[in-house]
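Undergrad: My questions concern the predicted model and sequence given below.
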Amino acid sequence: MLKLNKGFLINGVVGLFFIICLSVRSGYSISPILLALVGLGYLIYDLIKKRKWQISPDEKWLIYSYGLYFSLFVLSLLIHQGRLKELDSPVKIVFLLTLLLLFSRFPIKFSTLIYAIPMGSMIAGITALIDRFYLHSQMAYAPRIMHIQGGDIAMSLGMFSLVCCIYFFIKQQKKWMLFCLLATLSGMLGSILSTARGGWIGVPFVLCFIFWAYRKYLSRTFFVSVISILVVAVGVAVYIPNTKIMKRINAAQHDITSYVDNKKGSDSTSVGARFEMWKSALLMIKEKPVFGWGIEGVNQMRKEHQKQGIISKYASQFTHAHNQYLDDFSKRGVLGFIALLAVFLVPMRFFRKNLSDRLEVKVVAIFGMVHVISVMFYCFSQGFFSHNSGNIFYFFPVILFYAVILNLTAKKSAESTKS
């Protein structure tokens, strides 16, 4: 009975992650850190009792990828004589691996994900509305989290909710299907109200993937209906003046045109500064391609590029390149770049191979693929992992989706053995 209660509590804490990640200050970290501490406790207990932890080959690959990512931070710190503070985020990532043990002992239910995610997306949209129109914040989520990060997370919740929506359509649960469709729109609205543009770059690709993954279950009527609803809803939101989306789109077009035409001040706009930072990062990569410059070295070199007139003063003040790939490459070299790709491609390979399984496993695999693809796109225009929110929001759900799939496939194997 006690074990059942523990499992119920752990599932509740997992569900809470999606529900409060954008509505509470540091809400994205409360559940993962709490659960990781419990997982660490069980790991220490098992080590004391000399119990063996059965690790599947798929889990080993995930551990290796996280370990490689962490080791490159350590190597860079040693080579460039950096500060121990540089290991804060990578240590947390390794710390989250204790969840593999915890979730194997107390399995996370499929129902926890399928109901908590759309609830979280709905709350994210409501929170954005409160921020913009009640608290009169210029950007949704800004009172609690960096608004670009918040907008990206809201978009992910919206896309996850669409995955849930189609699942309930297949199961012919119309009320939950409609709720999830509203949750999808709510998450997308949250991203719009955050004024973050980077989160929208990958949306067409993510939508195409979701419909492709579900293609055997969907009629042409459903496909056309859902796309029409999304297009109309987004179109209405874009042209409502208070959302500022049209203003942001026009500003981006103006920034790009001005930068290409080399107009005065164009290198100090939001888009122009990114181009400047990317130029600086590419120059650094060219000079030190193997081990990079280290975190402090990159900051100093960016300032040096400003002194040489290569980039603007405005662009030189940032501590990351606003592109995760260039940022990791310039700081930790080609080895760091490979390590970054590993934490994307290793999980993607695992989720991809589980897309052909039974429906529940397939849904979680789609969650995983949508998650990885979305974050990979976020990383093109934002240093997503340069923020604690980005690290936690990416690495925790990857482990969570892994664990749920492994539990569902193990249960399926057990049922097959019995029959």
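TA: Received, thanks. Numbering: from 1, shown residues only.
Undergrad: Please identify the buried residues of the worst-scoring helix or strand of the chain on mean pLDDT?
TA: When each helix and strand of the chain is scored by mean pLDDT, DSSP states H and E, helix 245-260 comes last, with a mean of 75. Going by neighbour count (16 or more other C-beta atoms under 10 Å), the buried part of helix 245-260 is 245, 248, 251, 255, 258-259. For glycine as for every other residue, the C-beta is placed from the backbone atoms N, C-alpha and C.
Undergrad: How about stretch 36-47?
TA: Residues of stretch 36-47 classed as buried by neighbour count (16+ other C-beta under 10 Å): 36, 38-40, 42-43.
Undergrad: likewise stretch 287-307?
TA: 288, 291-295, 297-299, 301-302, 305-306.
Undergrad: can I get those in TSV with secondary structure and pLDDT?
TA: What follows is these, written out as TSV (DSSP: H, G, I helix; E, B strand; the rest coil; pLDDT from 0 to 100):
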residue	secondary structure	pLDDT
Lys288	coil	96
Phe291	coil	95
Gly292	coil	96
Trp293	coil	96
Gly294	helix	95
Ile295	helix	94
Gly297	helix	95
Val298	helix	95
Asn299	helix	94
Met301	helix	95
Arg302	helix	94
His305	helix	95
Gln306	helix	93
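Undergrad: For Lys411, the count of nearby residues, please.
TA: Residues near Lys411, counting by other C-beta atoms under 10 Å, number 14.
Undergrad: neighbours of Ala365, just the number please.
TA: Number of residues near Ala365 (other C-beta under 10 Å) recorded here: 23.
Undergrad: Revised request: answer the last question for Ser26.
TA: Using other C-beta under 10 Å, Ser26 is surrounded by 14 other residues.
Undergrad: which non-adjacent residue is nearest it?
TA: Counting by C-beta to C-beta, 6 or more residues apart in numbering, the nearest residue to Ser26 once its immediate chain neighbours are dropped is Arg144, at 7.6 Å.
Undergrad: other SSEs contacting the least confident helix or strand of the chain?
TA: Helices and strands touching helix 245-260, by 3 or more C-beta pairs under 8 Å, 6 or more residues apart in numbering; DSSP states H and E, are helix 220-239, helix 270-287.
Undergrad: CA atoms only for it - export them in CSV, please.
TA: C-alpha atoms of helix 245-260 as CSV (Å, rounded to 0.1, in the frame of the first residue of the first chain):
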residue,chain,number,x,y,z
ILE,A,245,2.7,39.9,-33.6
MET,A,246,2.3,41.8,-36.8
LYS,A,247,4.5,44.5,-35.4
ARG,A,248,7.2,42.0,-34.5
ILE,A,249,7.0,40.3,-37.9
ASN,A,250,7.3,43.7,-39.7
ALA,A,251,10.2,44.6,-37.3
ALA,A,252,12.0,41.4,-38.2
GLN,A,253,11.6,42.1,-41.9
HIS,A,254,12.8,45.6,-41.5
ASP,A,255,15.8,44.5,-39.4
ILE,A,256,16.9,42.0,-42.0
THR,A,257,16.5,44.4,-44.9
SER,A,258,18.4,47.1,-43.1
TYR,A,259,21.2,44.8,-42.1
VAL,A,260,21.6,43.5,-45.7
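Undergrad: Use 19 as the first number from now on
TA: Okay, using 19 as the starting number, the last item reads as helix 263-278.
Undergrad: List of residues touching it?
TA: For helix 263-278, contacts defined as C-beta atoms under 8 Å, 6 or more residues apart in numbering pick out 210, 213, 215, 255-257, 283-285, 287-290, 293.
Undergrad: Could you export the residues you listed as JSON lines, including neighbour count and distance to Gly408?
TA: Output for these, formatted as JSON lines (neighbours: other C-beta atoms under 10 Å; distance: C-beta to C-beta, whole Å):
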{"residue": "Ile210", "neighbour count": "28", "distance to Gly408": "20"}
{"residue": "Thr213", "neighbour count": "20", "distance to Gly408": "18"}
{"residue": "Arg215", "neighbour count": "20", "distance to Gly408": "17"}
{"residue": "Ala255", "neighbour count": "18", "distance to Gly408": "25"}
{"residue": "Val256", "neighbour count": "14", "distance to Gly408": "26"}
{"residue": "Tyr257", "neighbour count": "10", "distance to Gly408": "31"}
{"residue": "Gly283", "neighbour count": "11", "distance to Gly408": "30"}
{"residue": "Ser284", "neighbour count": "21", "distance to Gly408": "28"}
{"residue": "Asp285", "neighbour count": "21", "distance to Gly408": "26"}
{"residue": "Thr287", "neighbour count": "21", "distance to Gly408": "23"}
{"residue": "Ser288", "neighbour count": "14", "distance to Gly408": "19"}
{"residue": "Val289", "neighbour count": "21", "distance to Gly408": "20"}
{"residue": "Gly290", "neighbour count": "21", "distance to Gly408": "23"}
{"residue": "Phe293", "neighbour count": "20", "distance to Gly408": "22"}
